[in-house]
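I would like the atomic coordinates for the input below:
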Amino acid sequence: MMNRKSIIVIVAFITVIGVVGYKYLYQDHREIDSEDVVAALTSESISEIFKQNAANDLLNATVSVKGVISEVAGSTITLDDKVTCSFTKEISGFKIGETLTVKGRCIGYDDLFELVKLDQCSLLNQN
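Model prediction:
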C-alpha cells in the first residue's frame, strides 16, 4: 500500500490540476470594445489579404474595417459583399449603400462564400 504522504501528494496534485483547468475554461471573455485596433483596413484590402493566405496576424485580432453596406440581416451587416460583421446587439437604422467603419474580432475567412468574418462588432464611424 502507498503510504499516507504519497496519497496526500497525489490528491494535492489532482486538486491543483483541477483548479488550473477550471480557471482556464471559465476565464473572462475578451472585451473587444476596449481593445486597441491592430489594423485599420478596407473591406477590399482585408479580403485580398485572406485570399492570398497572408492573414495569420489578423486571426483573432481586433481590426477596424471600412466599407459600404451591401446587406443588413438582424444583427449582421455585410460590407461590399466581402466582410460579414456580427454585432452583439440587434442593430437598426442602417441602409444599404451607407459607408461605415466597424471594429471587431477577426474570426476567419469563408472560402466558399469568399467572406471575411468579424464578430463582437461595434460601430466606429458612420459616414
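
The most centrally placed residue in the chain in helix, strand or coil?
Geometric centre of the chain, nearest residue: R105, 2.8 Å, by CA atoms, centre = their mean. Secondary structure, DSSP: H, G, I helix; E, B strand; the rest coil: R105 is strand.

next one: G67
strand.

Could you give the number of residues near it?
25 (other CB atoms under 10 Å). Placement of C-beta: from N, CA and C, glycine included.

Would you tell me which helix is longest in the protein?
helix 4-25 (DSSP state H).

Sheet partners, orientation included, of the helix or strand bottoming out on mean pLDDT in the chain?
Least confident helix or strand of the chain, by mean pLDDT, DSSP states H and E, is strand 115-126 with a mean of 89. The pairing partners recorded for strand 115-126 under DSSP bridges are strand 83-87 (parallel), strand 99-110 (antiparallel).

Pull out the buried residues from it.
By neighbour count with 16 or more other CB atoms under 10 Å, strand 115-126 contains the buried residues L115, V116, K117, L118, D119, Q120, C121.

My read is that the second one contacts V83, right?
Yes. Here V116 lies in contact with V83, judged by CB atoms under 8 Å, at a distance of 4.7 Å.

what's the span of stretch 75-90 from first residue to last?
End-to-end span of stretch 75-90 (CA to CA, to the nearest Å): 5 Å.

quick one: it to chain centroid distance?
12 Å (CA atoms, centre = their mean, to the nearest Å).

Name the residues that touch it?
Contact with stretch 75-90 is made by 43-44, 46-47, 65-72, 74, 91, 94, 100, 102, 104, 110, 114-122, as judged by CB atoms under 8 Å, 6 or more residues apart in numbering.

for the chain, what are the low-confidence residue spans?
Scanning the chain with the threshold set as pLDDT under 70 gives 1-2, 126-127.

Now with 50, please.
Residue ranges of the chain with pLDDT under 50: none are present.

Spit out the contact partners of S64.
Shown in contact with S64 (CB under 8 Å, 6+ apart): V37, A39, A40, L41, T101, V102, K103, L124.

can you check V38 too?
Residues near V38 by CB under 8 Å, 6+ apart: D57, L58, A61, T62, V63.

That's all I had, so thanks and see you.
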